[in-house]
Every structure is written in structure tokens, then in C-alpha cells.
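Engineer: Requesting a structural model of the entry that follows:
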Amino acid sequence: MAKHLVIVESPTKEKTISKFLGSSFVVKSSYGHIRDLPKSKLGVDVENNFEPKYIAMPKAKKIIAELKKLSDKSDLVYLATDYDREGEAIAWHLKEALKIPDEKAERITFHEITQEAIKDAVKNPRKIDPDLVNSQQARRILDRLVGYKLSPLLWRKIKYGLSAGRVQSVAVRLICDREDDIDKFKPQEFWKIEVELRKRKDELRQFIAALVSKGGKKFDKLGIHDKQEADALLEGLKGARYEVSAIDAKQRKRSPFPPYTTSTMQQDASHRISFSAAKTMMMAQKLYEGVDLGQKESVGLITYMRTDSVNIAQSAQKEARQFLEKKFGAKFVPEKPNVYKTKSKGAQEAHEAIRPSSVLRTPEDVKEYLSNDEFKLYDLIWRRFVASQMTDALYDTVGVDIAAADCIFRATGRTLKFSGFLEVYAVAEDEDEKELTLPPLSVKEELDLLKIIPEQHFTEPPPRFNEASLIKALEEHGIGRPSTYAPIIHTILDRSYVRLQERRFYPTNLGKLVNDVLKKHFKEIVDVEFTAAIEAKLDLVAEGKSDWTKVVREFYEPFEKDLGNAEKNLERQKVVPQPTNEVCPKCGKPMVLRDSRRGQFLACSGFPECRTTFSIDKQGNRIIRPAPEMTDQKCEKCGMPMLKRIGKRGPFLACSGFPKCRNIKKYVEPGEEKKN
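Structural biologist: Got it, this is the predicted structure:
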């Protein structure tokens, strides 16, 4: 029987898909990319229409040889790489490296790794899309030109080992600009005045109402500017009667959220289960590629996880509606399926949102086959999708206006009438969704005043970005694509351009300096709108509406001029650490604040002659650790006494023979070993 070769990227995919196809198919993994631009040189012929010079990756040479033998023996070769532009490019690289004839190479794509989806893909192959390949190739070449042309300049002018990227530099700018906004922010004082009231002869039914207007003039948040204005208003309320002046009762709907895109999944995973973007994508990859569910069943639990579309397949909607009607009843299923429209720039509407491959595989059903982290993410994806196909939640709301002197206070009540999608996807943590009940009231009813509550407040600066809000900002501006968010964050942290402290991004001194240099000498590289425009042009290439070499040339020619000018005019820069009042206990020189990706620390300004460093607390004060304490334990390696030391993670045992002996071990409190 004739053999057909199916090439996928990962061994997990290979294992899963092999179970779906018959004996006439051989499924093999390429283990990811097999060709790329060389690391040792630019690899792009700028003078010859930016022609790339691809080479086989060293790790892939054996794989290429094995795949070549198999492809030569096969009647057809199905290139089953991921369903995105990068996957299309990998398929093209495989075809080129293995020298597969056009008539023999078939491209198949699928949103989910299930038996039905894979068999359907094999029945409906297509040829490699050159427009998608060219779009991805243009992106790779643009990133290579920026990285290999700009980074050496930063090495010479600032510090060896720095890197600049077309998209990462914009992310650093967003963080630096936000820090500038925080530094420039001047808080404004304002006062909030509330009253605690009670329905007469009902000691258990007190409630809070907030001042909203005076003398017919509505207050905004900053309506009462200072204590003097607050005191004058309070004076006017002395002896006032509090009477209900108006009641407005109505019903409010809350619609379900759309199913996840890559961005919203990463944001929600950050908020709800404290996953980093990288961890979220790693868990999603495992769920997509296939999970062993026992009894020789291996299946992908979710659809493709790199997407910016909220579209849903009709078959998935139908299955969800049937499941919901059986599980919760017809009133939880809308008359027509819910349809969502993406708000992100340049979204690829042909793709599908992230959803479970089957809603019938509930989180509880598959929990025993998943790790704890895999289960948390699957539970999130499953609930979000199922909720997206459910009816609205309904609230009964009431607004009560209470007159006192020439002031109006307002109290609001809210109760859940019908849970709808909230039955599956709770949003109880949202402040505006908490239930608030008011006692039954009527117009002109007089109320008892229990107390007046004047509170001083100050406006707050914009918050620093966390992973979720940075990803949201990148998506809103059209910067990067679903596959790039997690790598961007990893890169800017790894290069110490920013640091993550209490889950918020702070620009380091190095990051600020590099950002300032790029803003001055390479305006377009760090310009948000310009970078978004490049993404839009790459989309046009993918649609066959623009030539990729034209897009690269339009970028490169002004960039090359900026490089030449910066080489001439940019003076050598130095990262200046922040001075402190601390003095080095070893050499007496001043201590300075330095940055690392894990936070700030105190370091001697005499470095490298003096390498003294100290950790600091959240307030920036030096953490003084107790002196090493001798114990009666002996080092099992050299026989010297062991010392009890205190590190960042608590106490540990270290050999007193350091640095000759570097033996360390976990410290156990006396008596604890016996308990265990």
C-alpha cells in the first residue's frame, strides 16, 4: 500500500495525529524550524532585493536527512505545520530543504487536533500560500535588519551585549512613557461626602448614599476641591431633613464575554490564575497538541492558541447549544447563537477563537489526566467559551435620590434576577457586579441620618503596566501579533531593560537610556503608529495586495540613513546608577542603586575592585542579614563545621570552608527531622 508522509512540528503532535490516520500514513516531526538566517552574519543581501540566505539549522541536519529519505519514498507529503503565517513559512522551508516536487507537496491546516479535523484536512489539502510565506519572510528580514544593524551600534555607544528589536523597543517605550507620566503626575485633592441613612423604625436596614449635586449643579469626581469647601457644605447640612425625592427602578443586562483570543487568554490567565504570558502559552501548547486521556485515546483539548479572531465554527456552536440546553435548560440558550466581532487591529478573521475541541469534555471529566496548571487553564478556556454561547445575565437595579437642604444624595441597589452566563463564568470579583440591596422605599419618605462621612482623597497616577495590561496595550495599538506577545516580554526582561516588581514593570536605568537614544536617533523604530503601520503593510503582503520587497525597502532606506547619522553624531553613553546615602562597609565608598531583571540592589560604586552588594526591601532600605552562625553539623564533603546563613529564600547551611568547599544544603530546625 502506498505510503503518505505527514510532517508536523512537534513529537507530541506526531504521537497524537498518528493515532488518527491509517497504516498508509507515516507521521514525523520536524522538531520546529529546520532553516533560518545564519547567526554569524546578516544573512540578507541588501543590494539584491533583500534576498535571504537561509541555512539548515545545526540541530536539524539529522532530521532533514531522515525526512528527506521518507519524503523520497512517499507518494504524497502533507505539510501539517501550524495554522498561521509562521506555520506556512515552516511548511515552505520543509518543501525547499527536502526538495519536494510541487505535485507531491500538499499543505493541510486544522484549528484543532481531533480525529474529525485531521481526516477532514487530509481530504481537503491545498498548495503552500506564497503570500503568507512572503509576509512572514518580510517580518523575519525586517527584524534581522534592525537587530543586526542597530544592536552593534548600541554595543559601541552604550554597552556590549545590548539588543534592539523592531517590536521590543516599542514595548520598552510604552513602559518608559508610563513611568514618565507617573513622575510628572501631580495629585489633586478632592473630597467625597457620603451619608449613612436608615429607614425609620428599621434598625437593620441602614445604607450609604453619596453626594451627587448641590444647588442643582452636578458634582464630578473632583467637585469638592479641599477641606474648606467640604466644611462649608457640611455646615449647610446641619439639621437638614433627609427625604426620598425620586426612585428609578429598571432592569440591566450584562452580556457574556467573547471566547478567548491569544491576547485575552493571556490577560485573563494573568488576572485569574496568576500565570505569566510565557507559562500560559506553554500550557496552551500542551493542551492543543494532545493529551493522553487513557484507553489509548490522545486528543487535542483546545483549538489553535495563536489567534486574534473571535469567530466560532458552526459545529462548535451547535454542540455548545445542545450541551447547555441539556445541562442548564432552554432559558440559558439564546434564540440565535451569539456572534462576536474582534476589536483588534488587523485580526485574521479566517481564523477561529480559542475554545475546547469539544464542550462535552468538561474540566471535571479530564482533570485526572492533566497537571494542576494544565487543568487551571483548560478550566478557564472551557468556561469562557461555554459562557460565550449563553444568555445575558439580568439585574434588577434601583437608583434612589435623597434630598437634604439643597443637596442630592444617591443610593444604588442591584440584585441578580437571572444568572445567565454567570452560571458558568463568574465575575463576582468585579466591584460593579456585587449585589447591593436597599430597603423598600417610597417618594417623600423621610429617613433617619445616622452619620455624615466626609473623606479626603487624592487623584492617583496611571498604574504601571503589568503583563496583562502591556499585552492589551500592544494589541490595541496593533503592535506585534498573537505569537509575539510572550517573546517580547521575555526579551525585555532578559535584556534588563525593565524589571518586574510585585507583578508591575519598571524601566531600568539601562532601559531608559536605550529608549532615550532610540527616540532621539531612530524615531520611527520606537514610534507606536509607525510600527503598527508596518504590521498593516505585512497584512497586505499576506493578502497578496503588496510586494514584500517594497515593504522592506520602504523601511530600510530611511533606517540606513538614521544609522549613518547616529554613528557620526551619537556620543558614547554611560548608564549612571542612582546614588544613595549608604556607604560600603568594606571600602568606604558610596553605595549606588543598580538594576537587574529581578529588581534593584545596592552595589559598591568601587566595582569591579569592590564587589560588595546588598539586597533592599520594598522601601529601598538595605536588608541587614544576621552574621553566620556556627552549628554542630559537619560538612559531609570536607569535615569542616557547617554555618547557618540567611539568604533571600531564608536560612540554609553552608560549609565554613568556603570558597575551597562550596557545599550547601537545606536548613532544618532542630527537632523537625524527627517529626518528618
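Engineer: any idea how far Ile492 is from the residue lying farthest from the centre of the chain?
Structural biologist: Centroid-distance maximum for the chain: Gly239 at 54.2 Å, with C-alpha atoms, centre = their mean. Here Gly239 is placed at a distance of 61 Å from Ile492 (C-beta to C-beta, to the nearest Å). Yep, even glycine has a C-beta here, placed from its N, CA and C like the rest.
Engineer: show me the residues around Leu538 that make contact.
Structural biologist: Neighbouring residues of Leu538 by C-beta atoms under 8 Å, 6 or more residues apart in numbering: Ser135, Ala138, Arg139, Val551.
Engineer: tell me the contacts of the closest residue to it other than its chain neighbours?
Structural biologist: Of all residues not flanking Leu538 in the chain, Ser135 sits nearest, at 5.1 Å (C-beta to C-beta, 6 or more residues apart in numbering). Shown in contact with Ser135 (C-beta under 8 Å, 6+ apart): Arg85, Leu538, Asp539, Val541, Ala542, Trp548.
Engineer: rerun at 7 Å
Structural biologist: Ser135 makes contacts with Arg85, Leu538, Val541, Ala542, Trp548, as judged by C-beta atoms under 7 Å, 6 or more residues apart in numbering.
Engineer: sorry, back to before: out of the contacts of Leu538, which sit inside helices?
Structural biologist: Those of those mapping onto helices are Ser135, Ala138, Arg139, Val551, per DSSP state H.
Engineer: Same list, the residues you listed, but as CSV with distance to Ala171 and pLDDT please.
Structural biologist: Formatted as CSV, these follow (distance: C-beta to C-beta, whole Å; pLDDT from 0 to 100):
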residue, distance to Ala171, pLDDT
Ser135, 21, 94
Ala138, 20, 95
Arg139, 16, 93
Val551, 21, 94
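Engineer: now the strands: where do they sit in the stretch 301-450 of the chain?
Structural biologist: For the stretch 301-450 of the chain, the strands defined by DSSP state E, counting those that start in this stretch cover 393-404, 407-418, 446-458.
Engineer: Quick one: closest of those to Leu5.
Structural biologist: For these, proximity to Leu5 was assessed by C-beta to C-beta; strand 393-404 is nearest, at 50.8 Å.
Engineer: Give me the contact list for that closest one.
Structural biologist: Contacts to strand 393-404, defined as C-beta under 7 Å, 6+ apart, come from residues 197, 209, 237, 240-254, 408-422, 438, 441, 447.
Engineer: Give me the buried subset of these.
Structural biologist: Neighbour-count burial (16 or more other C-beta atoms under 10 Å) applied to these gives 197, 209, 237, 242, 244, 254, 408-409, 411, 413-414, 418, 420-422, 438, 441, 447.
Engineer: between the contacts of Leu538, which is nearest Ile100?
Structural biologist: Using C-beta to C-beta, Ser135 comes nearest to Ile100 of the contacts of Leu538, at 21.7 Å.
Engineer: His660 is in what secondary structure piece?
Structural biologist: That one is not His; residue 660 is Lys. In the assignment (DSSP states H and E), Lys660 maps to no helix and no strand.
Engineer: got a pLDDT number for it?
Structural biologist: On pLDDT, Lys660 comes in at 88.
Engineer: What is the burial count for it?
Structural biologist: When counting by other C-beta atoms under 10 Å, one arrives at 8 neighbours for Lys660.
Engineer: Tell me how far it lies from Tyr667.
Structural biologist: 21 Å.
Engineer: now do Ile312
Structural biologist: Taken as C-beta to C-beta, the span from Ile312 to Tyr667 is 54 Å.
Engineer: neighbour-wise, which of these two wins?
Structural biologist: Ile312 (22 against 18).
Engineer: Got phi/psi on that one?
Structural biologist: phi -130, psi 140 (degrees, to the nearest 10).
Engineer: for it, what are its contacts?
Structural biologist: Listed by C-beta under 7 Å, 6+ apart, the contact partners of Ile312 are Pro259, Glu352, Ala353, Arg355.
Engineer: Give me the pLDDT for it.
Structural biologist: pLDDT, read off for Ile312, is 91.
Engineer: name the element the nearest residue to Pro125 once chain neighbours are set aside belongs to?
Structural biologist: Nearest non-adjacent residue to Pro125, counting by C-beta to C-beta, 6+ apart: Glu106, 3.7 Å away. In the assignment (DSSP H and E), Glu106 maps to strand 105-107.
Engineer: And the contacts of that strand?
Structural biologist: Here strand 105-107 makes contact (C-beta under 7 Å, 6+ apart) with Leu76, Val77, Tyr78, Leu79, Ala91, Lys95, Pro125, Arg126, Lys127, Ile128.
Engineer: wait, is Lys192 part of a strand?
Structural biologist: Yes - Lys192 forms part of a strand when assessed by DSSP: H, G, I helix; E, B strand; the rest coil.
Engineer: Run a quick neighbour tally on the nearest residue to it once chain neighbours are set aside.
Structural biologist: Nearest residue to Lys192, sequence neighbours excluded (C-beta to C-beta, 6+ apart): Glu455, at 4.8 Å. Using other C-beta under 10 Å, Glu455 has 10 other residues around it.
Engineer: Kindly provide the distance from Glu455 to Asp45.
Structural biologist: Glu455 is 67 Å from Asp45, where distance means C-beta to C-beta.
Engineer: Low-confidence regions, the stretch 201-350 of the chain specifically.
Structural biologist: Across the stretch 201-350 of the chain, the ranges flagged by pLDDT under 70 are 296, 343-350.
Engineer: And the helices in it, which stretches?
Structural biologist: Here the stretch 201-350 of the chain has its helices, by DSSP state H, counting those that start in this stretch, at 227-236, 262-273, 277-289, 314-327.
Engineer: Go through those helices and name the closest to Asn621.
Structural biologist: helix 262-273 (29.6 Å).
Engineer: can you list contacts of the closest one?
Structural biologist: By C-beta under 7 Å, 6+ apart, the surrounding residues in contact with helix 262-273 are 275, 277, 280, 305-308, 344, 354, 376-377, 380-381, 466-468, 471-472, 475, 482, 485.
Engineer: so for stretch 509-521, what's the average pLDDT?
Structural biologist: 92.
Engineer: distance between it and the chain's centre?
Structural biologist: Chain-centre distance of stretch 509-521: 24 Å, with C-alpha atoms, centre = their mean, to the nearest Å.
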